[in-house]
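Visitor: Requesting a structural model of the entry that follows:
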Amino acid sequence: QVQLVESGGGLVQPGGSLRLSCAASGFTLDGYAIGWFRQAPGTEREGVSCITSIDGSTYYADSVKGRFAISRDNAKNSVYLQMNSLKPEDTAVYYCAVGAVAGSLFEPDYDYWGQGTQVTVSS
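Guide: Residues are numbered from 1 along each chain as shown. Next up, the predicted model:
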C-alpha cells in the first residue's frame, strides 16, 4: 500500500524554524520527483518546493526562496523540508507528494499525497 506520512509540524514563533519529514512506505521514493505543497485556510493548495530524482535539483516558490530547503534521503525513503525564518503567512497544512514530472510545482503533476501536517507561525 502506497503511503506518505508527514511529521514535524507544530506551533512556532515568527523567526523560528521547523523541519518537516515525509516518510514513504509501500514503494521507493528513488526515481520519483517529490514536492512539498501547502494550503492555508480559505486558499488553494500551492507548491512550495520540489526535488528531482535524477540529479537532486531543487526548486522553490518565490515566497520561500532563501528560507526553506528541501532534501531527500533515498536510503531512509524520506524527504525533508527545513523551514527557517518562518513568518505568520507560512501558516498552513503542509503536504508532501510524489510524481513523475521533474521540477514541477504544479499540483496535477503529482500522483500520491500524504495527509498533511499543520504548521502554525504565531507569537
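Visitor: any idea of the pLDDT on the most centrally placed residue in the chain?
Guide: The centroid of the chain falls nearest to Trp36 when counting by Cα atoms, centre = their mean (2.4 Å). With respect to pLDDT, Trp36 scores 98.
Visitor: same check, this time on Gly56
Guide: 89.
Visitor: what's the answer for the one 3 residues further on, then?
Guide: In the predicted model, Tyr59 carries a pLDDT score of 97.
Visitor: which residues in the chain form strands?
Guide: 3-7, 10-12, 18-25, 33-39, 46-51, 58-60, 68-73, 78-83, 92-99, 110-113, 117-121 (DSSP state E).
Visitor: For Val2, give me its contacts.
Guide: Val2 makes contact with 24-27, 112, according to Cβ atoms under 8 Å, 6 or more residues apart in numbering. Heads up, the C-betas are built off the backbone N, CA and C, glycines and all.
Visitor: can you pick the most crowded of these?
Guide: Ala24 (23 neighbours; other Cβ atoms under 10 Å).
Visitor: How about that one, nearest residue that isn't a chain neighbour?
Guide: Asn77 (4.8 Å; Cβ to Cβ, 6 or more residues apart in numbering).
Visitor: May I ask you to confirm that that neighbour is in contact with Leu29?
Guide: Yes: using Cβ atoms under 8 Å, Asn77 is in contact with Leu29, at 5.3 Å.
Visitor: These two - which one has more neighbours?
Guide: More neighbours surround Leu29 than the other of Asn77 and Leu29, with 22 against 16 (other Cβ under 10 Å).
Visitor: Nothing else from me, thank you.
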